[in-house]
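Visitor: here's my sequence, what's the structure:
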Amino acid sequence: MKTILITGATGFLGSNLIKKLIKRKYLLICLIRNKSNLTKLQNIKNNKNIKFFNYEKKNLKEIFIKNKIEGIVHCATNYGLNIRETKEIINSNLIFPLDILKLAVEFRVKFFINSDTILNKNISEYTLSKQQFNDWLKFFSHSIKICNVKLEHFYGPGDNATKFVINLILNLISKKESISLTPGNQTRDFIYIDDVVNAFLKIIDFTINNDFIYQEFEVGTQNYIKLKKFVKIVKKLCKNKKTKLNFGALKYRKNEKMTIKVDIKNLEKLGWKPKFTLNQGLIRTIKYYEK
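Guide: Numbering: from 1, shown residues only. Model (predicted):
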């Protein structure tokens with residue numbers, strides 16, 4: 001039975017991935033913190049093939065000593081939402097995964113799969129810290145197989161309420177009087193969580209069964225949409241005729257990337273393609289929050 005270490009196990013991406021990996025009979029070691037909320041794993045947290053390791057109470061090295069870890073999937077991410085301290089973002093997105101990466105090399109772990117962003121590094125402290133860690137991944141790639149997975153904006157039931165799509169849905173469901181937005185001319189590629197998880201499953205299989213040094217995958221649908229149109233679609237699906245959409249009330253972020261292009265050819269070679277249309281994913285997500 002292969003043992004995989006998962007960071008960000010209680011988060012949106014990590015918890016959804018774990019639910020699929022458990023069905024594949026992996027032994028999963030899930031890193032958690034003192035304040036980790038196991039709600040997303042409520043139905044499987046007592047599964048005999050899941051081990052939880054609180055790295056704030058014990059030395060990380062201990063888990064590598066006591067377990068023969070085959071690979072690592074790094075899902076933990078600090079988006080910098082409502083966080084003022086740059087140090088906290090750097091610790092989460094750079095120092096913490098770098099510590100794990102160095103231990104992986106020391107204990108001859110076979111692979112490290114990283115969740116990254118498709119956005120430019122100069123947009124925010126979050127994107128910069130993610131790019132800096134990717135540079136370290138390349139540096140260590142001659143010692144361990146590295147897959148870097150660059151994600152477009154993914155969403156779905158149970159996501160963080162502070163993230164754009166979920167925050168928008170919650171405001172529209174509650175029929176908030178008005179929502180302040182940028183002009184909305186950014187082009188984006190929104191992808192449903194199930195498609196993202198299936199991409200990771202394909203990448204895990206590829207990584208286990210092939211020899212390489214560094215491989216990069218971009219994950220998206222290649223169905224691009226302007227943010228303004230996207231917001232109007234969400235409003236319509238929420239059956240909201242009351243809320244005023246104040247496009248232009250907010251300025252674009254500094255160094256905002258106006259156009260997104262996602263290259264999924266490497267994933268297509270693995271037999272992956274997105275299954276959910278934008279409407280299908282949004283309807284599922286809206287119904288979840290309406291309940």
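
Visitor: gap between the residue lying closest to residue 109 once chain neighbours are set aside and residue 26?
Guide: In this structure, residue 109 finds its nearest non-sequential neighbour in residue 69, 5.1 Å apart by Cβ to Cβ, 6 or more residues apart in numbering. Placement of C-beta: from N, CA and C, glycine included. Residue 69 sits 11 Å away from residue 26, taking Cβ to Cβ, to the nearest Å as the criterion.

Visitor: quickly list what's touching both of these two.
Guide: 3, 4 (Cβ atoms under 8 Å, 6 or more residues apart in numbering).

Visitor: circling back: neighbours of the residue nearest to residue 109, just the number please.
Guide: Neighbour count for residue 69, taken as other Cβ atoms under 10 Å: 21.

Visitor: what sits against residue 258?
Guide: 185, 186, 187.

Visitor: ok, now how distant is it from residue 80?
Guide: 21 Å.

Visitor: ok so, going back, in a markdown table: the contacts of residue 258, plus neighbour count.
Guide: Formatted as a markdown table, these follow (neighbours: other Cβ atoms under 10 Å):
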| residue | neighbour count |
| --- | --- |
| 185 | 15 |
| 186 | 18 |
| 187 | 15 |
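
Visitor: possible to save these as JSON lines with distance to residue 238 and pLDDT?
Guide: Below are the contacts of residue 258 laid out as JSON lines (distance: Cβ to Cβ, whole Å; pLDDT from 0 to 100):
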{"residue": "185", "distance to residue 238": "22", "pLDDT": "97"}
{"residue": "186", "distance to residue 238": "21", "pLDDT": "95"}
{"residue": "187", "distance to residue 238": "22", "pLDDT": "95"}
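
Visitor: can you give me the strands for the stretch 101-250 of the chain?
Guide: 111-117, 145-151, 154-155, 178-181, 187-188, 191-192, 214-219, 225-226, 244-247 (DSSP state E, counting those that start in this stretch).

Visitor: so which of these is nearest residue 85?
Guide: strand 111-117 (20.0 Å; Cβ to Cβ).

Visitor: so which residues of the stretch 1-150 of the chain form helices?
Guide: 12-23, 60-66, 86-90, 96-106, 125-140 (DSSP state H, counting those that start in this stretch).

Visitor: what average pLDDT does the second one get?
Guide: I take that to be helix 60-66. Averaging pLDDT along helix 60-66 gives 94.

Visitor: please apply the same query to stretch 262-275.
Guide: Stretch 262-275 comes out at a mean pLDDT of 97.
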